[in-house]
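Colleague: got a predicted model here, sequence first, then my questions.
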Amino acid sequence: MMQIVVALLGLGLVWQCIRAFRRQWGSTASAASAPVAHYLLTPEQNWALALAHPMAFHALKGGFADSDMPSPTTSLAASLRPMALHAFGLRTDLDDAKVREQLPERLRTRWWCLDVERLQAGDDARAAMAFACVRTCFFVRTAAMLGWLSPEQQWQLLQLNAARARDCFTSWETFAEAYAQGRAQWVAKGRSDALGRAISPEELQRWLEDASHPWGAYAWP
């Protein structure tokens, strides 16, 4: 019975992803008038990148929206590389040439599967979707920074991911609550995670009320 429930949840996620894929992702996302430090791109790009802000801020000491294509330091690239390869389901001993050969097609056809295809019994599907939206944004941007994806494919994937988030959630509040739940269930079952901890309701509320945090500054489109 549990396998049937998990399968149905998986089908529901696929349906939501297909809806997101079919949307026109080129529309401009609304942003608050007040600028957010380190978010210096277009409103549409800022909003797409804001989904990954908790992971990006933790990993890059301020985020990764301060330029069209940030150039990571050697030490930062070394720390991001194995984490990203693991997330994409690629061997961590592949050289960059092999990654550039394999990753673009893998993401073109299966970007929406990242994390949501690994649901375990008892996982909440909606929470898993929010968690996947954050991680997909983070790792797609990371892949582009490491030179594995072209800027054009990066932005296409980021906009598709943003469309999925807009389809599945109605506000930063609903998205943030689902994300926190998704993180908690991911970490609780021993799955690896860059942040390594759950997000408390109090911390989440501070994000949503803080005008310097993109989740509190940018309007949900």
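Modeller: Ah, there it is.
Colleague: what about the most centrally placed residue in the chain, which helix or strand?
Modeller: In the chain, the centroid-proximal residue (CA atoms, centre = their mean) is Val134; its distance is 2.5 Å. Per DSSP states H and E, Val134 falls inside helix 125-145.
Colleague: and the next element down the chain from that helix?
Modeller: As assigned by DSSP H and E, the chain's next helix or strand after helix 125-145 is helix 151-168.
Colleague: now the following helix or strand past that following helix: buried residues?
Modeller: Counting by DSSP H and E, the next helix or strand C-terminal to helix 151-168 is helix 172-188. For helix 172-188, a neighbour-count test (16 or more other CB atoms under 10 Å) marks 172, 175-187 as buried. From N, CA and C alone the C-beta is placed, and that goes for glycine too.
Colleague: tilt between helix 172-188 and helix 125-145?
Modeller: Computed by axes from the mean of the first three to the mean of the last three CA atoms, to 10 degrees, the angle separating helix 172-188 from helix 125-145 equals 90 degrees.
Colleague: can you spell out which helices and strands pack onto helix 172-188?
Modeller: helix 125-145, helix 201-209, helix 214-217 (3 or more CB pairs under 8 Å, 6 or more residues apart in numbering; DSSP states H and E).
Colleague: what about the last one, average pLDDT?
Modeller: Think helix 214-217. Helix 214-217 shows a mean pLDDT of 95.
Colleague: same deal with stretch 81-90?
Modeller: For stretch 81-90, the mean per-residue pLDDT is 95.
Colleague: alpha carbons only: can I get that stretch in CSV?
Modeller: Extracted in CSV, the C-alpha atoms of stretch 81-90 (Å, rounded to 0.1, in the frame of the first residue of the first chain):
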residue,chain,number,x,y,z
ARG,A,81,32.6,20.4,-7.4
PRO,A,82,32.0,17.1,-5.6
MET,A,83,28.8,18.3,-4.1
ALA,A,84,27.4,19.3,-7.5
LEU,A,85,28.5,16.1,-9.2
HIS,A,86,26.8,14.0,-6.5
ALA,A,87,23.6,16.0,-6.8
PHE,A,88,23.6,15.5,-10.6
GLY,A,89,24.2,11.7,-10.2
LEU,A,90,27.7,11.9,-11.9
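Colleague: residues of it that come out buried?
Modeller: For stretch 81-90, the neighbour count (16+ other CB under 10 Å) marks 81, 83-85, 87-88, 90 as buried.
Colleague: cool, stretch 59-67 as well?
Modeller: Residues of stretch 59-67 classed as buried by neighbour count (16+ other CB under 10 Å): 59-60, 63-65.
Colleague: tell me the one of the residues you listed nearest Glu44?
Modeller: Ala65 (11.7 Å; CB to CB).
Colleague: does the closest one count as helix, strand or coil?
Modeller: Under DSSP: H, G, I helix; E, B strand; the rest coil, Ala65 falls in the coil class.
Colleague: next: Arg81.
Modeller: Going by three-state DSSP, the state assigned to Arg81 is helix.
Colleague: relative to Leu146, how far out is it?
Modeller: Arg81 sits at a distance of 6 Å from Leu146 (criterion: CB to CB, to the nearest Å).
Colleague: and for Ala163?
Modeller: Noted for Ala163: a distance of 24 Å to Leu146, by CB to CB.
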